[in-house]
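Colleague: predicted structure and sequence below. I'll ask about it afterward.
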Amino acid sequence: MVETITVERLADRIDADEQFTLVDTRPTDSYEAWHVRGAENVPYDPSEGLDRSQLDEVSSMTDGHSIVAICGKGLTSTPFGLELAENGFEDVSVVSGGMEAWSKVYEVVPIRTDDDDLVVRQVQRRAKGCLGYVVGSRSAGTAVVVDATRQTDQFKLAAQDAGLVIDGVLDTHVHADHISGGPQLADDIGVEYYLGEAATDRGVEYEFTPLADGDVIEVGDVPVEALHAPGHTSEMVNFRVGDELLLTGDTLFVDSVGRTELQFGESDATHGAELLYETLHETILELSHDRTVLPGHVTVTSDGRYENGSPGQAISARLGDLGAELDLLELDREAFVERLTDDAPEKPPNYEDVIAINTGTDRAETENEATELELGPNNCAA
């Protein structure tokens with residue numbers, strides 16, 4: 001008997017440190033590019049089946065533990081699990097939807113604040129490390145959503161569970177690693193969609209309300225102020241929330257800063273790096289060092305680990321601590337620019353197609369196409 005489990009159940013078992021063996025049946029290159037933490041790779045072709053050496057390999061890696069199989073969509077892990085059961089393996093499960101479903105697992109984390117009226121929820125897209133936010137006023141019962149991902153229901157539910165009604169949707173920038181849910185969410189609920197005013201120069205075709213540096217959106221009595229923060233992109237804005245928080249998008253992470261060549265290209269990456277240096281040192285680090293930084297991403301390694309923090313825990317840092325601990329922030333301009341332009345990491349998969357969709361110049365024709373475009377970690381940090 002082979003059981004089918006959900007990706008949410010898989011996440012629960014991983015977080016509870018249950019003893020089981022997770023087997024990824026995808027080809028080795030797909031596995032090495034991105035997989036669930038702790039997974040072992042046994043490439044499987046249903047037309048060829050498992051030979052004795054593979055069965056022995058599975059037996060040795062399981063050491064008597066239960067087996068959970070996962071693949072891209074559930075198409076190879078299911079026959080793999082059935083074949084294991086036919087060969088005497090007991091307690092075998094298959095993850096429904098595979099890595100595609102895993103890429104859509106979310107956690108919602110309350111952010112602690114000193115302002116009793118301020119309500120903040122960090123919405124974590126676990127496998128990609130995307131971080132979005134619901135920022136609201138308890139007394140007004142209203143909220144704005146910042147950096148919504150394509151699974152917009154996750155943000156609707158987060159707001160609803162906090163007793164808030166969404167009356168505005170904001171994106172910090174034109175994303176390159178995932179398809180934004182911002183325009184669709186704003187259209188679904190009939191509210192304004194906001195982007196930095198420089199998005200006009202990027203040819204964004206979605207209707208949006210432009211935000212200039214210093215513009216303030218009032219969420220009840222909670223001010224959300226836009227700070228123009230070019231570097232990662234030309235239109236990037238950060239959001240100063242009340243006296244406590246700073247939503248930094250892809251400008252500043254808890255372990256790095258945003259890369260600069262995805263929009264500007266290799267030939268003009270120096271210009272982007274110079275802009276980012278100025279943003280960091282003339283805008284961000286000039287703010288109160290007690291402000292809490294809430295970034296737009298957390299780095300997820302190819303083996304599915306968070307570089308900092310854990311899924312279901314707040315990903316944040318005190319601004320003053322980042323200024324003292326991140327070596328990139330201690331470099332002078334020349335060294336900073338050289339570091340960002342000489343050692344850029346691998347680009348996010350399909351980033352040019354994703355940018356085209358997020359500017360409205362192209363669109364994903366099907367849900368499957370959108371999912372395929374987004375597979376893999378975010379790779380937005382320098």
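Modeller: Thanks, I have it.
Colleague: alpha carbons only for contacts and neighbour counts from here, please
Modeller: Fine.
Colleague: show me what the lowest-mean-pLDDT helix or strand in the chain is packed against.
Modeller: Within the chain, no helix or strand scores below helix 261-264, which has a mean of 84 by mean pLDDT, DSSP states H and E. Contact analysis of helix 261-264 by 3 or more CA pairs under 8 Å, 6 or more residues apart in numbering; DSSP states H and E lists helix 269-279 as its packing neighbours.
Colleague: what's in contact with the helix it packs on?
Modeller: 229-234, 251, 259-261, 264, 333, 336-338, 340-341 (CA atoms under 8 Å, 6 or more residues apart in numbering).
Colleague: partners of the helix or strand where residue 167 lies in the sheet?
Modeller: Per DSSP states H and E, residue 167 falls inside strand 165-170. Paired neighbours of strand 165-170 in the sheet (DSSP bridges): strand 142-146 (parallel), strand 193-196 (parallel).
Colleague: name the helices or strands packed onto the next helix or strand after the last one?
Modeller: Right, strand 193-196. Scanning forward in sequence from strand 193-196 by DSSP H and E, the next helix or strand is strand 209-211. Judged by 3+ CA pairs under 8 Å, 6+ apart, strand 209-211 is in contact with strand 193-196.
Colleague: for the strand it packs on, what is the distance to the chain centroid?
Modeller: 19 Å (CA atoms, centre = their mean, to the nearest Å).
Colleague: and what of stretch 118-138?
Modeller: The answer for stretch 118-138 is 11 Å, by CA atoms, centre = their mean.
Colleague: now do the end-to-end distance for that stretch.
Modeller: Start-to-end span of stretch 118-138 (CA to CA, to the nearest Å) is 6 Å.
Colleague: buried residues in it, which are they?
Modeller: For stretch 118-138, burial by neighbour count (16 or more other CA atoms under 10 Å) applies to 118-138.
Colleague: among these, which lie within strands?
Modeller: 118-125, 130-137 (DSSP state E).
Colleague: now stretch 132-143: average pLDDT?
Modeller: For stretch 132-143, the mean pLDDT works out to 98.
Colleague: what's that stretch in contact with?
Modeller: Against stretch 132-143 from outside (CA under 8 Å, 6+ apart): 116-124, 144-149, 155, 158-159, 163-168, 219-222, 296.
Colleague: what segments of the protein are helices?
Modeller: Listed in chain order, the helices of the chain (DSSP state H) span 7-15, 28-33, 52-62, 77-86, 98-102, 153-161, 182-189, 261-264, 269-279, 319-325, 333-342, 351-359, 367-374.
Colleague: so how far is residue 41 from the residue lying closest to residue 98 once chain neighbours are set aside?
Modeller: Distances taken as CA to CA, 6 or more residues apart in numbering put residue 73 closest to residue 98, at 4.3 Å, once the chain neighbours are dropped. To residue 41, residue 73 is 16 Å away according to CA to CA.
Colleague: ok, back up a step: got TSV for the helices of the chain, with mean neighbour count and distance to residue 201 too?
Modeller: Formatted as TSV, the helices of the chain follow (neighbours: other CA atoms under 10 Å; distance: least, CA to CA, whole Å):
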stretch	mean neighbour count	distance to residue 201
helix 7-15	15	40
helix 28-33	14	34
helix 52-62	13	54
helix 77-86	21	46
helix 98-102	22	34
helix 153-161	18	29
helix 182-189	19	18
helix 261-264	20	12
helix 269-279	22	15
helix 319-325	16	31
helix 333-342	16	24
helix 351-359	21	11
helix 367-374	15	25
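Colleague: in TSV, list those helices along with distance to residue 300.
Modeller: As requested, these are exported to TSV (distance: least, CA to CA, whole Å):
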stretch	distance to residue 300
helix 7-15	15
helix 28-33	12
helix 52-62	25
helix 77-86	24
helix 98-102	13
helix 153-161	20
helix 182-189	23
helix 261-264	19
helix 269-279	23
helix 319-325	19
helix 333-342	19
helix 351-359	17
helix 367-374	14
